[in-house]
Structures are given as structure tokens and as C-alpha cells.
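Enquirer: take this sequence and fold it.
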Amino acid sequence: MRKNRIVFNTLSLVAFLMLVLNVTAQEKPNVIYILADDLGYGDLSCYGQTKFKTPNLDKLAKKGMKFTDHYSGNAVCSPSRAVLMTGQNPAHVFITGNSKAEPGMDMEMINLPELFKNAGYKTGAYGKWGLGDTTSKDNRNPLNQGFDEFYGWKTQVTAHTYYPTKMVHNGKEVAIKKGTYVHDIIMDHAFSFIKENAKNKQPFFCYIPTAIPHAAMHAPKKLHNKWRKKLPQFENVIGEYYADPEPTPDVINPVAAFPAMVQHLDSQVGEIVKILKKYKVDKNTLIIFTSDNGAHHEGGHDPAFWNSNGDFKGGKRDVYEGGIRAPMIAYWPSKIKGGTTTALPSSFWDVMPTMAAITNQPIPKQADGVSFLPTLLGKKKDQKIADYLYWKFTNWEATKEAVRIGNYKGISIHYNKSKKHKEHTAPFELYDLSKDIGETKNIALQNPKMVAKMKNILTELNK
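Expert: Residues are numbered from 1 along each chain as shown. Below you'll find the predicted structure:
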């Protein structure tokens, strides 16, 4: 059964106003959403990275808006992407941990690309889907979830290598020449999609879930060699990873590969802006750049050396700030005042209502978030604030939950029985992020009322 589409009557209020105001199709803003994979909060120079520069993303931040308190959907790839696509927070979304099964989304929901389709947009996705086999004919295929075009990896696991033998284009596997760095092919498809629709003045939604800088730490050879010369002390480090059944070459000096990967992506973000300017649609295009979770420590990557998580505790697979707080830059020249910064607490599940507001669409019933469009437009007085933010991450080791209310952050961890742990629930943790951004001082005992409030929220969400 296909999804129930939201269809407006011909003489609906929105259509009537569009006719009266003679609004053309291209006056609908284009949206480009770039999702980095495992990029830490401190991995961009505009967010504090000092060992390498990301000049093009810095320009977006300088001419747009930088979010300091934005959060990913979860602490790992698949559930974070599921939150983004459905607009549901981790209490309600269908997956809260990475799974080999990679279950697809509910076919009855109106998800993010379908929201744009209902508004007359062309939609394209390029890169790591992470929500199922992209060659399947069911709800795991992005083509069955509202995208007109998809080019990327077959599964989340095959996205672990940048040198696969096959990729997927619109549901069909295509052979890749040995030694081809597929990230660049993916970006070429995204560039073509943007060019075609910009040229035709067709409003579009371009979703670019790049695998950079996820392991394996494969970087363009020229840039990688440049950084190897700068970091000879790591030449004895060999990065190993897997992408069964695809080949995953080992990496000599993966520590040097990391900045090469990030800078390469930064250059391609600059190329996207050039394309938009060439076709004179840059002022009417919203670009959002963010990351799906905190920095990883796989394939030889050294997040401590690069200070990838800045002042935050933890990283990928943690519900501490280092695992879930993400950089986010919003660039929209005709609407966003340049050089602005916001500390609005926001999250991936807020993207759905924000895009609904931008495209004049009803917010899908399943969505849990709050639109941050007023913040983008500089209308702080109109910005609603969520009562709380909530995360739930599950794997074989533990169930980890976090709640943020104002500046207070609570954490509950239940460990499963294993060789490493006896089954137990750890003492509840509470931190005041305004005074302790590194989550170093547990103040739960001094704040029993706040702890009780957070525990009640956890109890209600887990019913």
C-alpha cells in the first residue's frame, strides 16, 4: 500500500494566495542538505579546528548562520538518518541503533523528500542512504521514499569503502572501474542534478549524505600525500576497515588522510556555491551543512590528535555532547543575515517542521520537532522552544538515554549482561551545560527535582 499523499484542493488558500501574488515556481527556495558522516563538532575551522582549514564552509558560516547547540538525530548513522527523514525523535523513530537488517521507513508516513515532492520539487539523494538496500523494491529503497534520483552505495556496510566494485543508480547496480574514488562520482551526480534544475528554474531538494570522513580513511591521493609529508610521525600507522563484500584497501597514515578528506569535501561545497551563482539561484537556495553524529575513532582516525570533539566529552556511540552535538551551518543569502550565531537548542527532528514551513506544507502527523525557521529569518520573538530534547541509543552493550531541559542535561545508561559488564543501571548523571560543557561534574544529588523531572520524562517515553 502506498503512502497517503497530502493533496491540496485547487482553490486552497495556499494556491489562491500564490495566484494572487503571481508567485512563480522558482520563488520557492531550493534546499541543499549536506550531511557529513562522523564529523566532530571541532572538525571545521569555523568551529575551532586549528590544525587545518575549511575555507569554503567558513565562508558559508560568515555569510550565513552558525548553530552552536544543534544536535544530530542519534549517536550513530542509521538511527540519526531515520530521525532526519521521518521528523521523529528517538523515542518514536523505528530504529535506535545500527542494524545489519537496516529496516526501511514506514510506507504510510510522509517523510522529508515526500514533503518536497508534495510542494512541486525535484528531489535527489547522493551518497550513503543508510536505511536499507538501495536495490530493493520495498520501503528500504530511497526511490520508494520520495526521491526522483539516487546515486550511492548499496548498503551502509558497502559505504565503508571509497573503492567499491559496484554502486547503485536508481535501484540498479552499476560497475565501477577498479581504483575509482567513488566519492567524486557521487558528487558529480549531485552537481549535475543541481545544474539541471537550476538551469530550468525548477525548485529542487538535493540531499547529499556523504560518507566523508567515515572510515575507511580513503582520501584523494594528492591531498593525502600532501598531509603525509606534514605528518611523518604517523607513517607507521596502518588503517584497516571492512566493507564486506567490497574491497577495502588499507591506508598508510590514516591520521593524515583525515584532513585530506575533510578539505576535499570543503572544496566541493565551494563548487556547489559556484554552480548556484552561475545559474543565479544562489540567493534563493538554502544550504545546510551538518553531521550525523560525533567523531569516530575507526580505521586509524585519531580524534584526540585533531581535537575533533572540541571541549565535549565522548564521541560516536555516546549520548554525551561529543556523540550527539553537531556543527550546523545555514546559508541563505536572501533570508539569513550573514555572520550570525544562534544558541537555539535544535535537532534533526526539527528539520521536518522547518522544511514544512519553508515549502508551505502541512507538518506530517508523526513529526515531533519545532520549526527553527523564525531563527533563520532573525525573528527570535516568534521562535518556539521545545520543552526538552531526547536521545536513545541502543546496541549490544547498553541502552543510553539523554534528556536536555534548558541548560540541564541528564543521562541514563543501562548496561546489558556481557563479558565486560554485569547487567545494571548506572547512577543517573546530571550536568549544567552552561557551567560544565565537558560534562565533568555530576550534580544529580544536588538537584533532586530536576532529576525527578527527567526520570518522569524517560518513563513516559519508554511506555
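
Enquirer: tell me the buried residues in the lengthiest helix in the chain?
Expert: Secondary structure of the chain per DSSP state H: the longest helix is helix 254-278. Residues of helix 254-278 classed as buried by neighbour count (16 or more other CB atoms under 10 Å): 254-266, 268-269, 272-273, 275-276. Where you see a C-beta, it was placed from the backbone N, CA and C, and this is true even at glycine.

Enquirer: cool, and stretch 363-373?
Expert: Neighbour counts over stretch 363-373 (16+ other CB under 10 Å) mark 363, 364, 366, 367, 368, 369, 370, 371, 372, 373 as buried.

Enquirer: I'd assumed residue 115 was in contact with the second one.
Expert: Yes: in terms of CB atoms under 8 Å, residue 364 counts as a neighbour of residue 115; the distance is 6.9 Å.

Enquirer: between those two, which contacts overlap?
Expert: 352, 356 (CB atoms under 8 Å, 6 or more residues apart in numbering).

Enquirer: tell me the spacing between residue 430 and residue 294.
Expert: Separation of residue 430 from residue 294 (CB to CB, to the nearest Å) stands at 20 Å.

Enquirer: downstream of the helix or strand of the chain with the lowest mean pLDDT, the next helix or strand is which one?
Expert: Using mean pLDDT, DSSP states H and E, the weakest-scoring helix or strand in the chain turns out to be helix 13-20, at a mean of 38. Following helix 13-20 in sequence order, the next helix or strand is strand 30-36 (DSSP states H and E).

Enquirer: same for that next one, what does it pack against?
Expert: helix 182-199, strand 204-208, helix 254-278, strand 285-291, helix 351-358 (3 or more CB pairs under 8 Å, 6 or more residues apart in numbering; DSSP states H and E).

Enquirer: hang on, the earlier thing: which one among the buried residues of stretch 363-373 gets closest to residue 281?
Expert: Residue 281 lies nearest to residue 373 out of those, by CB to CB, at 19.7 Å.

Enquirer: walk me through the domains of this structure.
Expert: 29-388, 396-461 (automatic domain parsing).

Enquirer: most packed of those domains?
Expert: Mean neighbour count (mean count of other CB atoms under 10 Å) peaks for domain 29-388 among those, with a mean of 20.

Enquirer: now do that domain: distance to the chain's middle.
Expert: 4 Å (CA atoms, centre = their mean, to the nearest Å).

Enquirer: then stretch 27-36?
Expert: On CA atoms, centre = their mean, the centre of stretch 27-36 falls 13 Å from the chain's centre.

Enquirer: average model confidence for that stretch?
Expert: Throughout stretch 27-36, pLDDT has a mean value of 97.

Enquirer: outside of the one helix or strand residue 457 maps to itself, list whatever touches it.
Expert: Following DSSP H and E, the helix or strand that holds residue 457 is helix 448-461. Residues outside helix 448-461 that contact it (CB under 8 Å, 6+ apart): 91, 388, 390, 392, 401, 403, 405, 408, 410, 412, 428, 430, 444.

Enquirer: can you tell me the closest non-neighbouring residue to the fourth one?
Expert: Right, the one you point to is residue 392. residue 90 (4.1 Å; CB to CB, 6 or more residues apart in numbering).

Enquirer: this structure: helices as residue ranges?
Expert: Under DSSP H, the chain gives helices at 13-20, 55-63, 77-86, 112-118, 182-199, 221-230, 254-278, 303-306, 321-324, 351-358, 373-376, 448-461.

Enquirer: pipe the ones you listed into TSV and attach distance to residue 126 per row.
Expert: Shown next, in TSV, are the helices of the chain (distance: least, CB to CB, whole Å):
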stretch	distance to residue 126
helix 13-20	30
helix 55-63	18
helix 77-86	14
helix 112-118	12
helix 182-199	4
helix 221-230	21
helix 254-278	11
helix 303-306	26
helix 321-324	25
helix 351-358	18
helix 373-376	24
helix 448-461	34
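
Enquirer: the ones you listed: which one's closest to residue 384?
Expert: helix 373-376 (7.8 Å).

Enquirer: before we move on, the earlier item: turn the helices and strands packed on strand 30-36 into CSV, columns for mean pLDDT and distance to residue 40.
Expert: CSV is the format used below for the helices and strands packed on strand 30-36 (pLDDT from 0 to 100; distance: least, CB to CB, whole Å):
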stretch, mean pLDDT, distance to residue 40
helix 182-199, 98, 19
strand 204-208, 99, 19
helix 254-278, 98, 10
strand 285-291, 99, 7
helix 351-358, 98, 20
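
Enquirer: would you turn these into JSON lines with distance to residue 237?
Expert: Shown next, in JSON lines, are the helices and strands packed on strand 30-36 (distance: least, CB to CB, whole Å):
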{"stretch": "helix 182-199", "distance to residue 237": "22"}
{"stretch": "strand 204-208", "distance to residue 237": "30"}
{"stretch": "helix 254-278", "distance to residue 237": "6"}
{"stretch": "strand 285-291", "distance to residue 237": "24"}
{"stretch": "helix 351-358", "distance to residue 237": "37"}
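
Enquirer: right, and these - which one's nearest residue 218?
Expert: Residue 218 lies closest, by CB to CB, to one member of the helices and strands packed on strand 30-36: helix 254-278, at 7.0 Å.

Enquirer: okay, angle between that closest one and strand 30-36 too, please.
Expert: 180 degrees (axes from the mean of the first three to the mean of the last three CA atoms, to 10 degrees).

Enquirer: having no further points to raise, I will conclude here.
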